[in-house]
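*Asks:* Sequence and predicted structure are below.
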Amino acid sequence: MVEGYHKSTTRANFTPGSTLPRVSTHLDAVRAYQFEVKFYGLPVEVRGSQQELTAAAKQVSPIGGSVDDIPIDRVNDKIYIPGKFTPDPVTITFDNQLLNQNSPALWKWFKSIYDPLTGDMTKFSAPGGAGNSSFKANKMTIVELDNTQEPHSYIELYGVYPTTVRFSEKNYSTNDVATIEVTFRFDFLDYNKYSN
């Protein structure tokens with residue numbers, strides 16, 4: 001017979017007034033609003049802005065990707081095997097802070113990918129770029145924090161570069177801070193917990 005997990009596990013051993021069930025004590029989870037975004041190995045044009053970008057990040061879209069299906073057809077059957085992995089782009093919203101240089105840094109990074117004034121693509125990178133450097137950041141880490149604001153777990157994205165920059169709407173009737181929304185592409189990702 002199938003047994004209900006919550007009744008047999010999370011509500012078990014409950015003595016009102018003297019003990020608490022697991023549902024009251026063991027189901028705490030990482031909060032969606034407790035996070036930091038860190039950049040490592042930024043391109044040289046924006047390398048000095050790492051901490052400012054961390055301070056300005058306020059929202060991160062879902063992170064992940066999917067393995068493409070390869071169909072195998074045989075007579076009356078169709079089965080699937082895994083194919084290439086396709087990472088999904090991730091969008092981060094940054095506050096347009098008055099005292100930090102995060103907004104110019106994001107725009108400089110985007111211009112190192114495509115400069116709308118000159119039409120140059122990845123102009124600081126090999127083979128033609130003077131800097132002979134990569135337009136990609138080595139790593140972006142989204143750090144999930146625990147209830148004491150200490151790092152709990154992380155999602156790491158490797159080979160990161162911006163593909164889209166959007167400055168927020170300007171509107172006299174709103175009561176919001178201005179933001180910059182940047183969409184990033186990446187090559188690989190990993191997830192893990194920090195060891196205690």
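*Replies:* Structure's in. What do you need?

*Asks:* what about residue 147, distance to residue 29?
*Replies:* 10 Å (CB to CB, to the nearest Å). Every C-beta, even on glycine, is put in place using the N, C-alpha and C of the backbone.

*Asks:* Those two - which one has more neighbours?
*Replies:* Remark: of residue 147 and residue 29, residue 147 carries more neighbours, 10 against 5, as counted by other CB atoms under 10 Å.

*Asks:* Isn't the more buried one up against residue 28?
*Replies:* Yes - using CB atoms under 8 Å, residue 147 is in contact with residue 28, at 7.4 Å.

*Asks:* Helix, strand, or coil at residue 23?
*Replies:* Residue 23 falls in the helix class when you classify it by DSSP: H, G, I helix; E, B strand; the rest coil.

*Asks:* Flag every buried residue along the biggest strand by length in the chain.
*Replies:* With secondary structure taken from DSSP state E, the chain has its longest strand at strand 151-167. Across strand 151-167, burial judged by 16 or more other CB atoms under 10 Å covers 152, 154-162, 165.

*Asks:* try stretch 49-64
*Replies:* Going by neighbour count (16+ other CB under 10 Å), the buried part of stretch 49-64 is 49, 52-54, 56-57, 60, 63.

*Asks:* residues making contact with stretch 183-190?
*Replies:* 63-65, 87, 89-92, 136, 140, 155-164 (CB atoms under 8 Å, 6 or more residues apart in numbering).

*Asks:* Enumerate every residue touching residue 27.
*Replies:* By CB under 8 Å, 6+ apart, the residues touching residue 27 are residue 10.

*Asks:* Look at it and give its secondary structure.
*Replies:* Secondary structure assignment for residue 27 (three-state DSSP): coil.

*Asks:* quick one, phi/psi of residue 138?
*Replies:* phi -60, psi -40 (degrees, to the nearest 10).

*Asks:* ugh, typo on my part, it should be residue 7
*Replies:* phi -70, psi -40.

*Asks:* if we can go back for a sec, can you say which two of the buried residues of strand 151-167 are spatially most distant?
*Replies:* 152 and 165 (30.4 Å; CB to CB).

*Asks:* Quick one: end-to-end length of stretch 138-154, please.
*Replies:* Stretch 138-154 has an end-to-end distance of 16 Å (CA to CA, to the nearest Å).

*Asks:* got the domain boundaries for this protein?
*Replies:* Structural domains assigned to the chain are 1-29, 31-193, following automatic domain parsing.

*Asks:* I'd like these written out as a markdown table, with mean pLDDT added.
*Replies:* Formatted as a markdown table, the domains of the chain follow (pLDDT from 0 to 100):
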| stretch | mean pLDDT |
| --- | --- |
| domain 1-29 | 75 |
| domain 31-193 | 89 |
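
*Asks:* looking at those, which is buried most?
*Replies:* Per-stretch averages of neighbours, counted by mean count of other CB atoms under 10 Å, single out domain 31-193 among the domains of the chain, with a mean of 15.

*Asks:* Return the distance of it from the chain's centre.
*Replies:* How far domain 31-193 lies from its chain's middle: 6 Å, per CA atoms, centre = their mean, to the nearest Å.
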